[in-house]
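**Q** here is a sequence together with a model predicted from it:
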Amino acid sequence: MRAFLVWLAIVGVLAAIYAVIPQHLREQGRRPLPPELTKPLPPDWKRPAPPVPPPVATPERPLPPPASRNPSAEAPPLRGQDFVLTVNSDGPRATDGLGTAFALDPAGIWLTAAHVVDDCKAVFVLRGRDWRAASAVRMHPSADVALIRAAATGPVIALAATTTPALGADAYHVGYPQSRPAQVHTRYIGRARIERPERGMPPEPGHVWVEVERAPEFAGSLGGLSGGPAFDSAGRVIGVTILDSPRRGRVTTAPVERIRDLLARGGVESRPGPGVAGFTPTSFGPEGDALRAAGTVTHVFCSWKGNTVPRRR
């Protein structure tokens, strides 16, 4: 009993001492709380960026041009570049064909693409509403150009002096694409190296143009425009239309020096006329129609076996 009273007295003394100690001194010996546990943010999380104020025009930094809402309406990019075009034929011709030709001499010298009249037993040129048989055909040994001697031509046109157009220069192709009278406005984008391995021909130079507009508007291939003249804005011939790529919207021409080379090989002295008045993006439709009406640009028919005659137009 005495021991219990002693223990109780000790507990009472300790309780009295603890009661008089200030509270902030009593908490100094406590173990601090652990820091707050946080999970790392996922790596693809991004804090929203503050709004960027619209650009302000200054003399040193002009405003950028507005973005186009219709990318197809923009002018195609004009990048000077070289193209390698491989033309693989399907072997000897097995069908009749149609193309375009244009007048080089009033005595009856016409020029077209060689592949239009190649392997043909008979060739006809449209004069007015009648087809006239060609008396002779001479093809360039390597370039895709050919001369036709046939009925007297309409007014002849001038050849351009330049051999390489300026980047972005306009051209206007006149003829009979899909056997219909039409013309195509293009712009120059680069040179071409044309390879025909199956023919054993050396590579030929060419000029590549990108389509801008057709008049009248139509869709699909430009087949039938081959052999037609390509005019510059001054109305002079700067090439012969020989290839088209409808998917890429490109047209390829043989350079004008290939025409001069073929004339020299054939012993033909062309007497070029003054050329047409000129072409513009708004007038090239009526200008092309006038050249066909005058008989300067015409239709060509290839009779593969020589036993077919084109219908009167």
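**A** Nice, I can see it. A quick note: this is a predicted structure, and the numbers were derived from the prediction, not measured. Residues are numbered from 1 along each chain as shown.
**Q** the chain: strands as residue ranges?
**A** With DSSP state E applied, the chain shows strands at 81-86, 97-105, 109-112, 122-127, 130-133, 136-139, 146-149, 170-175, 182-195, 204-215, 229-231, 237-245, 250-255, 297-303, listed in chain order.
**Q** average model confidence for the longest one?
**A** Looking at strand 182-195 alone, the average pLDDT works out to 94.
**Q** helices and strands around that strand, which ones?
**A** Judged by 3 or more CB pairs under 8 Å, 6 or more residues apart in numbering; DSSP states H and E, the packing partners of strand 182-195 are strand 81-86, strand 170-175, strand 204-215, strand 250-255, helix 284-294. No exception for glycine: its C-beta is placed from N, CA and C like everyone else's.
**Q** closest one to Ala158 among the strands of the chain?
**A** Counting by CB to CB, Ala158 lies closest to strand 237-245 out of the strands of the chain; the figure is 7.0 Å.
**Q** pull the distance from that closest one to the chain's centre.
**A** Between the centre of strand 237-245 and the centre of its host chain there is 14 Å, according to CA atoms, centre = their mean, to the nearest Å.
**Q** packing partners for that strand?
**A** With contacts defined as 3+ CB pairs under 8 Å, 6+ apart, the packing partners of strand 237-245 are strand 170-175, strand 204-215, strand 229-231, strand 250-255, helix 256-265.
**Q** what would those look like in TSV with distance to Ile10, mean neighbour count and mean pLDDT?
**A** Rendered in TSV, the data for these read as follows (distance: least, CB to CB, whole Å; neighbours: other CB atoms under 10 Å; pLDDT from 0 to 100):
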stretch	distance to Ile10	mean neighbour count	mean pLDDT
strand 170-175	114	27	97
strand 204-215	107	20	95
strand 229-231	120	30	96
strand 250-255	108	24	95
helix 256-265	124	18	92
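**Q** I'd guessed Ala169 sits against Ile189; true?
**A** No - under the criterion of CB atoms under 8 Å, Ala169 makes no contact with Ile189, lying 9.9 Å away.
**Q** which of those two has more neighbours?
**A** For Ala169 versus Ile189, neighbours defined as other CB atoms under 10 Å are more numerous around Ile189 (22 against 18).
**Q** the more buried one touches Val210, doesn't it?
**A** Yes - taking CB under 8 Å as the definition, Ile189 is a contact partner of Val210 at 5.1 Å.
**Q** follow-up on the earlier one: nearest to Asp232, of the helices and strands packed on strand 182-195?
**A** Taking CB to CB as the measure, the helices and strands packed on strand 182-195 were each checked against Asp232, and strand 170-175 came out nearest at 6.5 Å.
**Q** Ala107 reaches Val156, doesn't it?
**A** No - between Ala107 and Val156 there is no contact under CB under 8 Å: 9.8 Å.
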